[in-house]
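1. Based on what follows, work out the 3D shape:
(one chain, ligands or ions: 1)
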Amino acid sequence: MAVTQEIPTTSPIGRSTPRVDGAVKVSGKAQYTSDFHFPGTLYAVPVEATIANGRIVKLDTSAAGKMPGVHAIFHRENIGKMFRSTLGQGMEGICEERRLPFEDDVVRYYGQYIALAVADTFEAAKAAADAVRVTYSKEKPNVETHLEADNDPDSVVTTFGMRERVDSQRGDADAAFASAPVKLDQTYVTPAETHNPIELHATTAIWEGSKLTLYDSSQGVVNFRSVLAQMFDLPKENVRVITKFVGSGFGGKLFPWTHCALAAAAARQLGKPVKLVLSRKMMFQTVGHRPLTQQRVRLGATRDGKLVSLQHDYIYHRSMLDAHHEDCGEATPFQYSVPNLRVTFGRARRNVGAAADMRGPGAVPGLYATESAMNELAGQLKIDPVKFRIMNEPKIDEGLRLPFSSRHLLECFELGAEKFGWSRRTPEVGSMKRDGLILGWGMAGCAWIAARFAAAANVELRDDGTARVACATQDIGTGTYTNLAQLASHKTGVPLEKIEVALGDTSLPEGPLSGGSMATPSIVPAVFQAADNAIASLLTIATTTPGSPFEKRKPDDLAFEGGRVFIKADGPAGGVPFADLLQRANLRLLTGSGKSESTFGNPKPKYSTHSFGAHFVEVTWQPEIARLRVSRVVTVIDAGRILNPLAGRNQIEGAVVMGIGMALLEHTSYDPQNGAPINSNLADYVVAVNADAPPIDVHFLDFPDKEINEVGARGIGEIGLAGIAAAITDAVHHATGVRVRELPVKIENLLA
Ligand code: MOS
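-> Have a look, this model is predicted:
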C-alpha cells in the first residue's frame with residue numbers, strides 16, 4: 001500500500017503536543033452545543049413515560065398548554081410527519097433507535113418520550129412537561145437480568161446490517177473440548193453500563209425555509225445529516241449539522257437519538273429555533289447504554305498448556321424494537337492460537353431503551369470474559385498467566401487465516417512484566433504483602449480493531465504563511481483538532497500555531513465518525529493527499545508566475561519542504577517561502593483536496609489489522625475493613641505510531657480509570673417493578689474518579705503499521721479499556737481467593 005515515508009525531525013508527528021484547542025477550552029471560549037444561542041430560541045422538555053411496558057390510554061395536555069410562556073405541547077397527533085431512516089452505503093444512515101418519537105401509543109421502556117413541552121424558557125417548559133397528565137394501561141416490564149437467548153434465526157438483522165449468529169468457527173470445538181485433559185467452563189456477566197459524559201446530550205434545531213441546521217453534540221455529523229435528511233424528507237444538502245466541541249461521548253453520541261428528531265420537528269411546527277438539552281436522568285433512559293452481557297466460555301487445554309478448544313457463547317439484552325449488536329466475540333477468533341473454536345451469540349429482548357456502542361463495544365465485555373477464562377485456566381494448569389499466553393501466541397489470525405499487519409503482543413507482555421516487576425509474583429492466594437496490606441497481582445491482554453473509515457479533507461496554503469485544514473470529523477475530547485494540525489504541519493511546514501483547524505460541520509469535506517478509534521487513522525491519508533495537492537498547485541504557480549524566481553522551471557525540478565519551494569538540484573538552502581510565491585501571484589490561497597477509502601468491513605482484506613496491549617494490575621486488600629483499592633497499573637499498548645504521545649497517554653490513562661470503574665463500580669440497575677434505571681444520577685451511578693485512580697504507567701511500543709496509513713498510526717481511544725477488568729478481577733482473586741465472574745466486584749462478594 002502506502003510507501004514508507006521518513007518523518008523529518010522538525011515534524012510534529014510523534015512529538016508530545018499540547019492541545020491546540022486547550023486555550024479556548026480552559027478559558028471558557030469553546031462553544032459546546034448548548035452554549036449556542038439564537039434570537040427567539042424556544043426551549044423543549046420531553047415528557048418521559050413512567051412505565052416501561054404498556055400503552056398510553058389518555059394524554060391530558062390541557063392544563064400544561066395553558067401555562068405561562070408555553071408555545072405548544074406536542075404529542076402523536078400534532079408533532080407532524082416524520083419518516084424512519086435506514087442504512088445506506090458505508091457508515092451512513094446509522095441510528096440505534098429507529099422507531100420515531102411518538103410513532104405509536106405503545107410504551108416499551110421507562111423514560112420513552114411521550115410528549116414534548118415547548119416554552120419561552122427552560123423553566124416554563126419543564127413546569128409544563130411536569131403538568132402533562134398521562135393515563136396508562138400497564139403491564140409488568142421484563143428487565144430480568146438472567147438471560148436466555150430469544151428464538152432468533154441463524155442470521156439476524158442488526159443496527160449495522162445482517163449478522164450470522166455463528167460468528168466464527170473452525171475445527172470441532174465440541175469434540176476437542178470433550179477430550180481435553182484440562183477444561184474450564186464458566187459464565188461471565190457484565191452489567192448494563194451507562195455512558196456518562198459530563199456534557200449532556202443537546203440539540204438546537206433551526207429551520208430556514210426547507211433548510212434545517214442542527215447544533216448537536218455528535219460524534220458523527222455526516223451520518224447525523226443523513227439520518228435527519230431521511231426523517232424530514234430533505235435532500236442531504238439542505239441539512240447542516242454543527243458540532244464544534246464535545247464534552248465527551250464514549251459512544252453514546254455516535255448516532256442521532258429521538259430527541260434530535262423532536263427538536264427538529266418542534267422547530268418546524270413553531271417556526272423558531274428549538275433547543276432541547278437532556279437531563280442527567282434522561283441520559284440513562286433514551287440515549288443508549290452498554291448492554292448487559294452473559295458469556296459462557298469453554299476452554300480446553302493439554303496438561304502442558306496448549307489450548308485445544310475455545311467456545312465463546314454470548315448473550316446480550318436488547319430493547320424491544322432495536323437491534324444493537326454487541327460484538328463480544330470480536331477478538332476471540334484471533335487473540336490466541338487454538339485449532340478448534342466456535343463463537344456464537346444470542347439476544348434477549350427486555351423493556352429497556354436501545355443499547356448502543358460504549359467505549360470498546362463488544363471487545364471490552366468480550367475480552368473481560370475470555371481473558372478471565374485464560375487466567376483461570378492458567379491457574380488450573382499451574383502455569384504463569386503471562387507464560388500461558390506466550391505459549392498460545394498465534395502466528396497468523398487463525399479466524400481469517402490471514403497474516404497480521406503488525407502484532408507485537410508478546411513485546412507488550414515482556415515490557416509490561418518487566419516494568420511491573422511481575423517475576424516477583426508468588427502465585428499463592430494472599431501470599432504477597434506490603435505495609436500490612438495484602439497485595440493481589442493480575443494481568444490480561446487486550447486487542448482492538450484497527451481500520452479506516454472513508455474520509456475527505458481539504459488543505460489551504462495562504463499568502464500570509466498560514467494554513468487551514470478542514471474535515472467534517474469531530475473532536476470528542478480525544479485530540480483531533482491537534483492531530484489535524486499536526487498532520488497539516490508535517491506536510492506544509494507551517495507551525496502548529498499558524499494552522500487553522502476546521503471540523504465538526506457537514507459543510508466541510510465529509511469526514512469520519514469519531515468512533516471505533518478510527519478517526520485518527522482515517523484522516524491521515526486524506527489530509528496528506530490534500531496537502532500534496534495544494535503543494536502541487538503551488539509548484540505550478542511557482543513556475544508560471546511572471547517574475548517568480550522559478551519562472552520557466554518545470555514543477556518536476558522543484559521540491560517543497562519546511563514551507564519552502566526550492567530547486568531540487570540546489571537543495572533546500574535557497575528556498576522561497578510559499579507565502580512569497582502566493583503574494584507574487586496575487587493569490588490569497590491555494591487549496592488541495594484529498595480522500596481516503598474505507599478499509600472497515602472490507603470483505604477481502606489482505607491482512608488482519610488490530611492493536612494490542614497488556615495490563616498489569618496491583619490491588620491492595622484490607623480484609624479487616626473490607627477495603628479494596630487498585631494501587632498500581634502498568635499498561636503497554638501496541639497501536640502503531642503514536643501521533644501525539646501526550647494526548648495518547650491521556651487516552652490510555654482515561655481508559656484505565658474507566659476500567660477501574662467497570663471492574664469495581666459501574667452498573668445500571670433496572671427496577672423490576674417499573675423498569676426504571678434506578679441509579680440514574682451521578683451520585684448513585686458511581687464512576688471511578690481521581691481518588692480511585694492509582695499511578696498508571698503507560699508505555700507505547702513504536703511499530704508503525706503501514707497497512708493502516710503511511711504514518712503507521714492506528715487508533716488508541718478504546719483499547720485501554722479492553723482487558724483491564726479481567727486483570728483487576730484476577731488481582732482480586734490473587735489477593736482474596738475469590739473469583740468474581742459478575743461485574744462489578746462488590747464488597748459483599750469478598751466477605752463470604
Ligand atoms: Mo466509540 S463506542 O466507537 O465512541
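2. what does the stretch 51-200 of the chain put close to the ligand?
-> By C-beta under 6 Å from any ligand atom, no part of the stretch 51-200 of the chain sits against the ligand. Glycine gets a C-beta too; all of them are placed from N, C-alpha and C.
3. residue in the stretch 51-200 of the chain nearest to the ligand?
-> Going by C-beta to the nearest ligand atom, the ligand is nearest to His195 of the stretch 51-200 of the chain, at 8.5 Å.
4. From the structure, what's the count of residues near the residue lying closest to that residue once chain neighbours are set aside?
-> Distances taken as C-beta to C-beta, 6 or more residues apart in numbering put Gly252 closest to His195, at 3.4 Å, once the chain neighbours are dropped. Neighbour count of Gly252, defined by other C-beta atoms under 10 Å: 25.
5. and Gly252, what does it touch?
-> Gly252 makes contact with His195, Pro197, His201, Met283, Val287, Gly288, Ala356, Met358, according to C-beta atoms under 8 Å, 6 or more residues apart in numbering.
6. mind running it again at 7 Å?
-> His195, Pro197, Val287, Gly288, Ala356, Met358 (C-beta atoms under 7 Å, 6 or more residues apart in numbering).
7. Now it, what are its backbone angles?
-> Backbone geometry at Gly252, expressed as degrees, to the nearest 10, gives phi -70, psi -20.
8. Gln219 versus that one, what's the distance?
-> For Gly252, the distance to Gln219 (C-beta to C-beta, to the nearest Å) stands at 8 Å.
9. Contact partners for the closest residue to the ligand within the stretch 351-500 of the chain?
-> Nearest residue of the stretch 351-500 of the chain to the ligand: Asp357, at 3.7 Å (C-beta to the nearest ligand atom). Neighbour list for Asp357: Gly251, Leu254, Gly515 [criterion: C-beta under 7 Å, 6+ apart].
10. Can you lay out these as a markdown table showing pLDDT?
-> Formatted as a markdown table, those follow (pLDDT from 0 to 100):
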| residue | pLDDT |
| --- | --- |
| Gly251 | 98 |
| Leu254 | 98 |
| Gly515 | 97 |
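11. any chance of the residues you listed in TSV, with neighbour count too?
-> Putting the contacts of Asp357 into TSV (neighbours: other C-beta atoms under 10 Å) gives the following:
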residue	neighbour count
Gly251	24
Leu254	27
Gly515	26
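12. contacts with the ligand among these, please.
-> Within those, those near the ligand by C-beta under 6 Å from any ligand atom are Gly251, Leu254, Gly515.
13. Doesn't the second one belong to a strand?
-> In this case it means Leu254. No - judged by DSSP: H, G, I helix; E, B strand; the rest coil, Leu254 forms no part of a strand; its state is coil.
14. Next, the buried residues of stretch 678-694.
-> Residues of stretch 678-694 classed as buried under the neighbour-count rule (16 or more other C-beta atoms under 10 Å) are Ile678, Asn679, Ser680, Tyr685, Val687, Ala688, Pro694.
15. For the residue in the chain that the ligand sits nearest to, which non-adjacent residue is closest in space?
-> Residue nearest to the ligand within the chain: Gly251 (2.5 Å; C-beta to the nearest ligand atom). Nearest residue to Gly251 in three dimensions, chain neighbours excluded: Asp357, at 3.9 Å (C-beta to C-beta, 6+ apart).
16. what's the answer for Trp448, then?
-> Closest residue to Trp448 apart from its sequence neighbours, by C-beta to C-beta, 6+ apart: Ile719 at 3.9 Å.
17. Sweet, I'm off.
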